[in-house]
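Visitor: Dropping the sequence and predicted coords here.
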Amino acid sequence: MTRTPEAGFLDALRAVRTALDELRVASMIIGGVAVIAHGVPRLTVDIDATVVAAGLGIDRLTDVLAAHGIHGRIPDASAFAAAHQVFLATHEPSGTPVDISLAWLPFEEEALGASVSCDYAGVAIRIPRAEDLVVYKLVASRPRDVDDAEGLLLLHGTGMDLARVRKIVGELSSLLDDSERPKALERLIERTGLR
């Protein structure tokens, strides 16, 4: 049985989507919502999104979000966003945590350009292709993210360009000076029978 998301969460998702549309830059929903939209069963209580950062000032981002009830959830969230490239917020009417990542990397811009539209419990959103979401998940690499990547590979792996996924995960791992992520990807590919 599929559980219907709570109304407050959907209100928050609708507010995020509307705010992102108003920014008039490429954007999409990532994280748990996108994983669920791709058919992987799991729960999520927060909303993660990403926007092209080039030409988008932090002040404009925060002003547009605030107009939709989305405000920083830490002291000086704008300064944190400028330093760490993520705006940590809350949709205040529902209490839903919202993280908006600022995309600068060529992979991120490519993923945004290839995003797809979908319906999430009645809310029209844009999400990354499944293979791009696997990359995002392996870069984050928390246990939940690795589980999500495995679920995406199980459902969509035969339609993915796995050579591209390997290449991008390898490049991003080099930037992060971490050799474990490509190994984790290979373990998942093996475990899901895609080798």
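Guide: Received, thanks. Numbers count the residues shown, from 1 in each chain.
Visitor: C-alpha only now, for contacts and for neighbours.
Guide: OK.
Visitor: Just to be sure, residue 102 is in a strand?
Guide: Yes - under DSSP: H, G, I helix; E, B strand; the rest coil, residue 102 sits within a strand.
Visitor: shift numbering so it begins at 760
Guide: That works, and once the first residue is 760, the last one we named lands at residue 861.
Visitor: can you map out the helices along the protein?
Guide: Along the chain, counting by DSSP state H, helices occupy 766-782, 790-796, 817-825, 836-843, 865-872, 889-899, 902-915, 921-934, 939-950.
Visitor: between these, which gets nearest to residue 879?
Guide: Counting by C-alpha to C-alpha, residue 879 lies closest to helix 790-796 out of the helices of the chain; the figure is 6.3 Å.
Visitor: center of this structure - which residue?
Guide: Nearest to the centroid of the C-alpha atoms of the chain, with distances taken as C-alpha atoms, centre = their mean, sits residue 789, at 1.9 Å.
Visitor: That one touches residue 809, doesn't it?
Guide: Yes - here residue 789 lies in contact with residue 809, judged by C-alpha atoms under 8 Å, at a distance of 7.0 Å.
Visitor: which residues are in contact with both of these two?
Guide: Here residue 789 and residue 809 have no joint contacts, going by C-alpha atoms under 8 Å, 6 or more residues apart in numbering.
Visitor: how about residue 793, what does it touch?
Guide: Contacts of residue 793 by C-alpha under 8 Å, 6+ apart are 886-887, 892.
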